[in-house]
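Chemist: coordinates only, sequence not included:
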């Protein structure tokens with residue numbers, strides 16, 4: 001582990017025949033730290049003690065566990081354990097940082113201006129939230145290890161960041177790790193990460209990642225974890241402290257796999273309706289005839305996940321297919337699904353899909369999951385008038401225009417994409433049933449009054465970005481934005497944005513309070529403005545067209 005001024009390396013090794021006499025046992029005082037040596041020295045400064053303390057303290061627990069494991073161990077290492085246990089209270093304690101501020105950042109660097117900070121070490125300060133880093137526009141290295149951080153946030157504006165250390169925190173997900181295209185090293189070891197699909201988020205969010213450390217997280221104990229990580233993160237050169245050799249990657253490469261009749265045979269289920277309580281029942285072998293494919297027409301559900309699929313084939317006979325899952329494969333597109341006109345649920349998360357142009361025929365689709373793919377533009381959704389749930393998290397989508405006409409949509413999940421402009425929210429005004437929406441991890445979330453603006457424009461929302469909408473929030477949103485003339489309102493009313501050509505504008509009897517936007521826009525030709533019967537709190541602007 002590298003700190004700005006120190007390189008620290010610890011090896012905890014107990015060899016057979018180890019004798020207590022091998023351990024230095026000089027008394028502990030300010031000028032003599034005699035438990036072994038650090039960096040080849042037996043004396044440390046006060047500041048060095050502050051920096052080294054968090055790395056030495058794990059040895060205390062290690063020795064305590066070792067000493068209490070058995071009486072024999074206790075006899076052998078008892079004195080050393082007692083010494084180590086008494087050591088922690090003597091280290092100078094760093095004051096906790098209740099919140100990150102510009103003053104705190106400058107106090108820990110040698111820079112005079114926040115924009116000049118390129119390296120920032122906030123290690124071990126009891127920090128609970130990542131905040132106030134937006135102004136560090138040139139920050140390249142950020143260490144937040146050994147804190148109490150539970151959520152990754154506040155990093156989206158750090159475009160120059162190449163090194164990030166969030167080790168030894170309380171992270172349970174890596175959502176929020178977005179918007180750092182130059183990031184090469186991410187140290188996330190010793191957190192509470194337990195889901196393999198976090199690898200998909202990392203892949204989508206950090207396309208050029210070179211080094212990743214996830215040691216000390218329970219997800220590393222999952223079956224085939226390292227293989228899955230290497231397949232998901234093609235740019236990695238070092239994983240969990242080990243270099244990745246070319247031979248290791250080559251051994252994981254598989255030839256492209258097409259969906260075959262055998263895949264369908266073993267992944268198919270038929271639906272028995274109310275007679276079996278609506279459960280899906282796997283087709284029995286004796287129902288399937290290898291030479292007769294008429295049984296394909298009876299399939300209601302198909303699940304072919306983690307099969308390395310690169311292409312969808314042999315779907316022509318699945319005319320009654322209602323539920324399909326092709327998640328965790330290598331699909332580049334959804335070609336072939338046009339035959340499945342009865343499809344209601346489609347799950348295709350964690351693939352390599354960059355376009356979905358073949359869904360027009362799936363007009364009965366109600367649930368669509370294309371999260372963790374490589375989509376930048378969504379097309380062919382206009383015909384999906386029955387769609388109620390859409391999941392597009394962790395893609396590269398920059399606009400909501402393509403889902404503007406999904407009038408039945410109730411749930412929309414688009415976290416960790418590239419949506420930047422707050423005005424994109426207005427594309428959803430024709431989705432009156434939308435009650436749950438998640439846009440967290442997009443740049444527009446950093447916009448001023450983002451949450452209030454969304455709640456004002458989408459007044460039926462019940463949950464936004466994972467947080468329930470409170471009545472007080474809704475009232476505050478109405479107070480702030482109600483009656484305010486906006487660019488979006490003018491665009492809707494005029495049906496164009498060529499404001500410079502507008503000569504006459506009729507906005508009477510609209511309960512408007514604020515017309516200040518007219519002074520900010522280019523109404524150079526406006527000579528006739530009717531704003532009667534409003535509730536104006538500001539003066540009506542005057543125009544002098546040439």
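Modeler: Noted; the coordinates are in hand. Quick caveat: nothing in here was measured; it's all calculated off a predicted structure.

Chemist: Which parts of the stretch 151-300 of the chain are helices?
Modeler: Counting by DSSP state H, counting those that start in this stretch, the segments of the stretch 151-300 of the chain that form helices are 198-205, 225-232, 246-250, 261-267.

Chemist: among the ones you listed, which is nearest residue 501?
Modeler: helix 198-205 (42.0 Å; Cβ to Cβ). C-beta here means a position set from N, CA and C on the backbone, and glycine is covered the same way.

Chemist: what angle separates the closest one from helix 225-232?
Modeler: 20 degrees (axes from the mean of the first three to the mean of the last three Cα atoms, to 10 degrees).

Chemist: Let me have the helices of the stretch 151-300 of the chain in a markdown table, extended by mean pLDDT.
Modeler: Conversion of those to a markdown table gives the following (pLDDT from 0 to 100):
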| stretch | mean pLDDT |
| --- | --- |
| helix 198-205 | 82 |
| helix 225-232 | 84 |
| helix 246-250 | 83 |
| helix 261-267 | 86 |
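
Chemist: For my notes, please list the ones you listed in CSV and give distance to residue 358 and mean neighbour count for each entry.
Modeler: Putting the helices of the stretch 151-300 of the chain into CSV (distance: least, Cβ to Cβ, whole Å; neighbours: other Cβ atoms under 10 Å) gives the following:
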stretch, distance to residue 358, mean neighbour count
helix 198-205, 22, 22
helix 225-232, 25, 18
helix 246-250, 32, 10
helix 261-267, 18, 17
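
Chemist: right, so of those, which gets closest to residue 360?
Modeler: Short answer: helix 261-267, nearest of the helices of the stretch 151-300 of the chain by Cβ to Cβ, at 23.1 Å.

Chemist: just to revisit the earlier point, minimum distance to residue 389: which of the helices of the stretch 151-300 of the chain has it?
Modeler: helix 198-205 (19.2 Å).

Chemist: Point out the other helices and strands that that closest one packs with.
Modeler: Judged by 3 or more Cβ pairs under 8 Å, 6 or more residues apart in numbering; DSSP states H and E, the packing partners of helix 198-205 are helix 225-232.

Chemist: the helices in this structure, which residues?
Modeler: All helices of the chain, identified by DSSP state H, fall at 46-68, 71-85, 102-107, 198-205, 225-232, 246-250, 261-267, 450-457, 471-481, 487-494, 517-520.

Chemist: Need the residue closest to the centroid of this structure.
Modeler: residue 175 (2.3 Å; Cα atoms, centre = their mean).

Chemist: Thought residue 416 was touching it, still the case?
Modeler: Yes: if you go by Cβ atoms under 8 Å, residue 175 and residue 416 touch, sitting 6.3 Å apart.

Chemist: and residue 56, what pLDDT?
Modeler: Per-residue pLDDT puts residue 56 at 59.

Chemist: In TSV, list the helices of the stretch 151-300 of the chain along with distance to residue 508.
Modeler: Listed next are these as TSV, based on distance: least, Cβ to Cβ, whole Å:
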stretch	distance to residue 508
helix 198-205	49
helix 225-232	58
helix 246-250	68
helix 261-267	62
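
Chemist: Please name whichever of those is nearest to residue 477.
Modeler: Residue 477 sits nearest to helix 198-205 of all the helices of the stretch 151-300 of the chain, at 29.7 Å, using Cβ to Cβ.

Chemist: Other residues contacting that closest one?
Modeler: Applying Cβ atoms under 8 Å, 6 or more residues apart in numbering, the contact partners of helix 198-205 are 173-175, 177-180, 186, 209, 212, 219, 228-229, 232-233, 349-350, 372, 374, 394-396, 416.
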